[in-house]
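In: Dropping a prediction and its sequence here:
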Amino acid sequence: FDGFLPNPQSRWCTRNLKIKPLEKFVGDDDAISYIAIRADEDRVGYISTKQNIKPVFPFMKDGLVKIDILKIIKESGIGMPEYYSWRSRSGCYFCFFQRKVEWVRLSEIHPDLFEKAVRYEQEHADGRKYFWNQEESLLELISRKDQIIADHQRLMKLKKKTLPNRTLIEVFDSVLDDETEDFCFVCNL
C-alpha cells in the first residue's frame with residue numbers, strides 16, 4: 001500500500017482488508033453489524049459511516065465480560081480456537097501489534113509465515129527500513145528467542161502467584177497484556 005506495510009500510525013490493513021470489503025459486500029442493503037466488544041473493554045470499534053449498516057453490541061448490552069465470553073465458548077462445545085494456545089487475540093499472522101513471544105511462537109509453529117514476514121521487512125526498493133516490531137527487526141528479535149521466552153515464563157509465574165484461582169488462559173492473557181500497552185482494537189477479543 002503506497003510502498004509501506006501497516007503500522008500503528010497507518011493501519012491501512014484494517015481499513016482496506018476488513019472495513020472496505022464489508023461495506024462493498026453489503027452495498028446499499030440494510031445490514032446489522034454485530035460487534036463483539038465486551039462490557040469490560042474501553043473501546044468502541046468500527047462504526048460504519050453508511051446509514052444502512054447498523055451497529056449492535058450484544059455483549060455490551062448484556063453486560064458480558066471476558067470470563068462470560070470464555071464460559072459461552074466452553075459451554076458451546078466449540079472450544080477455544082487453536083491459535084489461542086500461542087496467541088493472545090485473533091488477527092493476522094503478521095499483525096504489528098503481536099507481542100514478542102508471539103513472534104517467537106510464529107517462528108516455531110509457522111516458520112514459513114515467519115520467513116515471509118522477515119522478507120517483508122527486508123524488501124524495500126528505496127532502501128527504507130521497516131520493522132513489524134518498532135524496537136527491532138524480526139531477525140534481531142529471534143536472535144533473543146531464549147531471553148524472550150524466559151522473560152515471558154517469568155511473568156507467567158509471577159502472575160500466577162499474584163492472581164490465585166485464575167485459569168491458565170486468564171493468567172496468560174494478563175501476562176500478555178502486561179508485555180505491551182499496544183493492541184489492535186479490531187482484532188482484540
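Out: Sure thing, it's come through.
In: what does stretch 127-140 contact?
Out: Applying C-beta atoms under 8 Å, 6 or more residues apart in numbering, the contact partners of stretch 127-140 are 4-5, 7-8, 94, 96, 98, 100, 103, 114, 117-118, 120-121, 124, 141. (Each C-beta comes from the backbone N, C-alpha and C, glycine too.)
In: typo on my end, stretch 98-114
Out: With C-beta under 8 Å, 6+ apart, stretch 98-114 has contacts from 86-88, 91, 93-94, 117, 132-133, 138, 141-142, 145, 148-149, 151-152, 176, 179-180.
In: mind listing which of those are in helices?
Out: Judged by DSSP state H, helices contain the following of those: A117, L138, L141, I142, K145, I148, I149, D151, H152, L176, E179.
In: So which of the residues you listed is surrounded by the most neighbours?
Out: L138 (24 neighbours; other C-beta atoms under 10 Å).
In: returning to that earlier point: in TSV, list the ones in helices among the contacts of stretch 98-114 along with pLDDT.
Out: Listed next are these as TSV, based on pLDDT from 0 to 100:
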residue	pLDDT
A117	90
L138	94
L141	95
I142	97
K145	97
I148	95
I149	94
D151	93
H152	91
L176	52
E179	47
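In: Could you single out the nearest of the residues you listed to G79?
Out: Nearest to G79 among the ones in helices among the contacts of stretch 98-114: L176, at 19.7 Å, using C-beta to C-beta.
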